[in-house]
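Enquirer: Below are the sequence and a predicted model; questions follow.
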2 protein chains.
Amino acid sequence: MADVYDVIVIGAGPTGENVAKRAVRGGLTAAVVESELAGGECSYWACMPSKALLRPAAAVSEANHVKGAVGARLEVSGVLARRDKFAHYWKDDGQVEWLKNAGADFFRGAGRISGERAVKVADAELRARQAVVVAVGTRAVVPPPLAGVKPWTSREATSAHEVPESLAVVGGGVVGCEMAAAWSALGSRVTLLPRGGLLERLPGFAGDLVAKGLADSGVDVRLGVGVTGATRNGSVTLTLDDGTTLEAAEVLAATGRAPRTDDIGLESVGLAPGSWLDVDDTMRVTAVDGGWLYASGDVNRLALLTHMGKYQGRICGDAIAARAKGKEPEVRDRSSKTCIPQVIFTLPEVAAVGLTREQAEAAGHAVRVVEYEIGDVAGARLFADDYTGHAQMVVNEQTKTILGMTLAGPGVGEMIHAATIAVAGQVPLDSLWHAVPSYPTMSELWLRLLETYGL
Amino acid sequence: MADVYDVIVIGAGPTGENVAKRAVRGGLTAAVVESELAGGECSYWACMPSKALLRPAAAVSEANHVKGAVGARLEVSGVLARRDKFAHYWKDDGQVEWLKNAGADFFRGAGRISGERAVKVADAELRARQAVVVAVGTRAVVPPPLAGVKPWTSREATSAHEVPESLAVVGGGVVGCEMAAAWSALGSRVTLLPRGGLLERLPGFAGDLVAKGLADSGVDVRLGVGVTGATRNGSVTLTLDDGTTLEAAEVLAATGRAPRTDDIGLESVGLAPGSWLDVDDTMRVTAVDGGWLYASGDVNRLALLTHMGKYQGRICGDAIAARAKGKEPEVRDRSSKTCIPQVIFTLPEVAAVGLTREQAEAAGHAVRVVEYEIGDVAGARLFADDYTGHAQMVVNEQTKTILGMTLAGPGVGEMIHAATIAVAGQVPLDSLWHAVPSYPTMSELWLRLLETYGL
């Protein structure tokens, strides 16, 4: 006989946890199924360990860029020990406990959909009265030329316990840039091989400043260089499309992500295994009838970021709870397409939210773009001697509100939420003029951007 | 014969500079009169030197609170040299140049109002077609018990070139707390003597956390202890109202500010010398007929902070320019009473904006207060091991908008502008829910506050 719950969540990452928590809060029962560790990629092989590795390097760099502060340096064993602690030593007892305290039942094993509202996990058969939620996330894609050499993926790059003497990083996205920064700081001789530029989804200055920062810290950044082949013989030898070869003790494949939907029983409900799952603004899968299947987080491809997955999880859990009461949900996803914030913890940091000029224009907005050198703000010079950074603000000229902002520079990570509020809240520039930034903080950038706009 | 300008600004601090810049931008001519250094208190004896002193200590502290970052320490000579540079070696050539480039004429000397629209400075007689603006700021008040010992004021505390072996700081406000932190970090044995608690205008936890931070870094914090007498004989001996005495190499009077209006000719227009000047929401002095006299910045007592003076200066300069064209100004002061942000650069930092619970209730608002431990945010733990900090959000229960926020903890200074935008923009909580904080930044505090509220 099947165990019956209101909601069955496949995947106990941050997204699934939020779905379950909100569903239970809405009066429903929930089961959460996880084939690996409760807590998900974020807790063990992504956000937490990567930032635990990167923060000591940032703190050292920030201190060493202030005259009068001297002597700061990294201690590799301390950094790795810190990372281990933040990854909870790759044990999920705490997360399993959290789920139970949140009122959900936890099932360990590979969850597979076996038909409408039905999920099998190990020997158990689960039935959902209301909904099944797919929150299985993504895994790293290893590109064909690297398939034969068992490269590091984001998992190994965030969990390795020894610093490779040299490291080739293939891919110039967030994972490539962050891991190049982290392992270079820890003493590895890093070569970064982006097929094009760095951070190409963002305005060009972001990638340019990160490329310069990486180069200044000793990374060999080879823009526009692809990998065509690889062999491993102790070390790895890469064949590059500029006609050269590169030998490195280790290689990291950081070229993209694929949904972990290849073995979750999608075929039982007429969907293609391995596919991304399109959803509406309540996270309901649009291609399945009956409205019982939801997909939240990375797997719906809207925004492959932990915080967006958590946001979607809250929307999703609330929506299921509302519908269980016969109501259509009031709170729907407003941000996964137009107000996605992101912080990249390189040196310098990059932080962005909302639409770039290109995205805004493609969406039909009349825009004006305002630029400012963050180093011209007094608070930035106080933060770091010889501060270098750049800001770009995209204004909707019709509504006189901000559609997007991109910041690159030391310490900008905590500055972007102000822009996220301005974008999500559609705060008019005329009101932002009365939001006075405190002197002398870096946030005075806001005043400078508004003055540059013409206020 | 008098020199005639549209606007005469008395005081070339940040406020006066902004008045002049905006007036010129509005098509007017402007003269700026300064008896000391162009750039004002902020540039030479307040914000800039104090933050130049405090930032190295913060950077060192932040590095030393991250496992894996080791060895950071202060080098006193480097800190003092940095401060000297940020104070431009107490020369104002650059600021005078800035004023000229902004299109204003600069007069050095004590400006005195000599009648309606008339100002005398040295041998010159200036006449204003439109307006005279008083932007002379404030000076430190030395309390009577310290008057005979020539104590340090904020000026000496921000510009001293030798570290006193010991320092008694009298006063527990912003200057007292910041300078206790700065000189303690530089090696002085500091005793802090606030008559009551620390930072008493803010919610109690802010002062409590700063008191603990100061004590942890070696400051002897004696809450509720007043000074009743003082003698100097090489070192200073203070008589305290707890019946004890305290000897210190130097003493800092940090007990309050008074307007520098005692010798600017206020009597010639029927105002009391030495008084604060009440203004309307365009910075026009309400007690003077004819609408030609304005007062901007500290001197109107609305908000004794550089950024608020600059804000008022922009409002004021724009208002004068509008009226010169026969229009009433559209942009008026909205923030000087209800949306004042402030960052206190102690360890930990304190950042606040808007109304406290008491202020909000006194203003007749139905409020709900939400509290959260910042150390429970993942991003805070990543920022500093064993992070300790606290947040308080004051919600207007009628409009469901934020009236105020107070944060205390390492690195919160750049986080407050998000709240300033939420307060100034009156962004409803329902919209803030869609302003997703980036994971794992400290700004995820916003999510936690909203969840705690009940969203």
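Expert: Yes, it's here. Numbers count the residues shown, from 1 in each chain, chains lettered A, B, ... in the order given.

Enquirer: which residues touch A:R232?
Expert: By Cβ atoms under 8 Å, 6 or more residues apart in numbering or on different chains, the contact list for A:R232 reads A:G148, A:V149, A:K150. No exception for glycine: its C-beta is placed from N, CA and C like everyone else's.

Enquirer: That one looks like it's in a strand, true?
Expert: Yes - A:R232 forms part of a strand when assessed by DSSP: H, G, I helix; E, B strand; the rest coil.

Enquirer: any idea how far it is from A:V163?
Expert: 18 Å (Cβ to Cβ, to the nearest Å).

Enquirer: so where does A:L126 fall, helix or strand?
Expert: Using DSSP states H and E, the element containing A:L126 is strand A:124-134.

Enquirer: Show me what that strand is packed up against.
Expert: Secondary-structure packing of strand A:124-134 (3 or more Cβ pairs under 8 Å, 6 or more residues apart in numbering or on different chains; DSSP states H and E): strand A:3-10, strand A:111-115, strand A:118-121, strand A:293-295, helix A:306-324.

Enquirer: now the last one against strand A:3-10, angle please.
Expert: Spelled out, it's helix A:306-324. Orientation of helix A:306-324 against strand A:3-10 (axes from the mean of the first three to the mean of the last three Cα atoms, to 10 degrees) gives an angle of 150 degrees.

Enquirer: Run through the residues that contact the nearest residue to A:G204 once chain neighbours are set aside.
Expert: The shortest distance from A:G204 to any non-neighbouring residue, by Cβ to Cβ, 6 or more residues apart in numbering or on different chains, is to A:G197 (7.1 Å). Residues in contact with A:G197, defined by Cβ under 8 Å, 6+ apart, are A:G172, A:G204, A:G207, A:D208, A:A211, A:L223, A:G224.

Enquirer: contacting residues for the spatially most central residue of chain A?
Expert: Nearest residue to the geometric centre of chain A (Cα atoms, centre = their mean): A:L305, 3.2 Å. Remark: with contacts taken as Cβ under 8 Å, 6+ apart, A:L305 is in contact with A:I340, A:Q342, B:S438, B:Y439.

Enquirer: quick one, phi/psi of it?
Expert: phi -140, psi 140 (degrees, to the nearest 10).

Enquirer: Now A:A258. Nearest residue, chain neighbours left out?
Expert: A:V141 (4.9 Å).

Enquirer: Please tell me how far that neighbour sits from A:A147.
Expert: Distance of A:V141 to A:A147, computed by Cβ to Cβ: 10 Å.

Enquirer: So between those two, which is more surrounded?
Expert: It is A:V141, of A:V141 and A:A147, that has more neighbours when counted by other Cβ atoms under 10 Å in any protein chain shown, with 15 against 11.

Enquirer: What are the neighbouring residues in contact with that one?
Expert: Shown in contact with A:V141 (Cβ under 8 Å, 6+ apart): A:A253, A:T255, A:G256, A:R257, A:A258.

Enquirer: Most neighbours among the residues you listed, which one is it?
Expert: In terms of neighbours by other Cβ under 10 Å, those top out with A:A253 at 28 neighbours.

Enquirer: Nearest spatial neighbour of that residue, chain-adjacent residues omitted?
Expert: A:P151 (4.3 Å).

Enquirer: what residues are up against the one you found?
Expert: So A:P151 contacts A:V142, A:V170, A:A230, A:V236, A:E250, A:V251, A:L252, A:A253 (Cβ under 8 Å, 6+ apart).

Enquirer: that older thread, which among the contacts of A:R232 gets closest to chain B?
Expert: A:K150 (28.3 Å; Cβ to the nearest Cβ).

Enquirer: quick one on the thing from earlier: from chain B, how far out is the residue nearest to A:G204?
Expert: Note on A:G197: its distance to chain B, by Cβ to the nearest Cβ, to the nearest Å, is 22 Å.

Enquirer: again, but for A:N64
Expert: Taking Cβ to the nearest Cβ, one finds A:N64 at 8 Å from chain B.

Enquirer: what's around the closest residue to that residue other than its chain neighbours, how many residues?
Expert: With sequence-adjacent residues excluded and distances taken as Cβ to Cβ, 6+ apart, A:N64 is closest to A:A72, at 5.4 Å. For A:A72, the neighbour count with other Cβ under 10 Å is 25.

Enquirer: Would you check that A:A72 makes contact with B:E75?
Expert: No - applying Cβ atoms under 8 Å, one finds A:A72 not in contact with B:E75, separated by 11.6 Å.

Enquirer: Next up, the contacts around A:R323.
Expert: A:Q130, A:A131, A:G291, A:P329.

Enquirer: go on, A:V367?
Expert: With Cβ under 8 Å, 6+ apart, A:V367 has these contacts: A:R357, A:A360, A:E361, A:V394, A:V395, A:N396, A:E397, A:L403.

Enquirer: again, but for A:V412
Expert: A:V343, A:P348, A:E349, A:V350, A:A351, A:I374, A:G389, A:M442.

Enquirer: hey, where'd the strands end up in the stretch 351-455 of chain A?
Expert: Remark: strands assigned in the stretch 351-455 of chain A by DSSP state E, counting those that start in this stretch are A:367-373, A:390-396, A:401-409.

Enquirer: The last one near chain B at all?
Expert: In other words, strand A:401-409. No - residues of strand A:401-409 are not located near chain B by Cβ under 8 Å from any Cβ of the partner chain, the shortest gap being 10.0 Å.

Enquirer: Between strand A:390-396 and that strand, find me the angle.
Expert: Going by the same axes, to 10 degrees, strand A:401-409 makes 170 degrees with strand A:390-396.

Enquirer: Packing partners of strand A:401-409?
Expert: Checking 3+ Cβ pairs under 8 Å, 6+ apart, strand A:401-409 ends up next to helix A:204-216, strand A:349-354, helix A:357-362, strand A:390-396, helix A:416-424, helix A:429-432.

Enquirer: Now do the end-to-end distance for stretch A:259-275.
Expert: 7 Å (Cα to Cα, to the nearest Å).

Enquirer: Can you list the buried residues in that stretch?
Expert: Across stretch A:259-275, burial judged by 16 or more other Cβ atoms under 10 Å in any protein chain shown covers A:P259, A:R260, A:T261, A:I264, A:G265, A:L266, A:V269, A:L271.

Enquirer: Could you do stretch A:357-377 as well?
Expert: So, applying 16+ other Cβ under 10 Å, buried residues of stretch A:357-377: A:R357, A:Q359, A:A360, A:H365, A:V367, A:V369, A:V370, A:Y372, A:I374, A:G375, A:V377.

Enquirer: Might you report the residue contacts of the fourth one?
Expert: For A:H365, the contact set (Cβ under 8 Å, 6+ apart) comprises A:L355, A:N396, A:E397, A:Q398, A:L403.

Enquirer: what do you get for the first one?
Expert: Counting by Cβ under 8 Å, 6+ apart, A:R357 touches A:P203, A:V367, A:V369, A:Q392, A:V394, A:G404.

Enquirer: farthest pair in the residues you listed?
Expert: Largest separation among those by Cβ to Cβ: A:P203 and A:V367, giving 12.7 Å.

Enquirer: quick one on the thing from earlier: possible to save the contacts of A:R357 as TSV with pLDDT?
Expert: As requested, the contacts of A:R357 are exported to TSV (pLDDT from 0 to 100):
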residue	pLDDT
A:P203	98
A:V367	98
A:V369	98
A:Q392	98
A:V394	98
A:G404	98
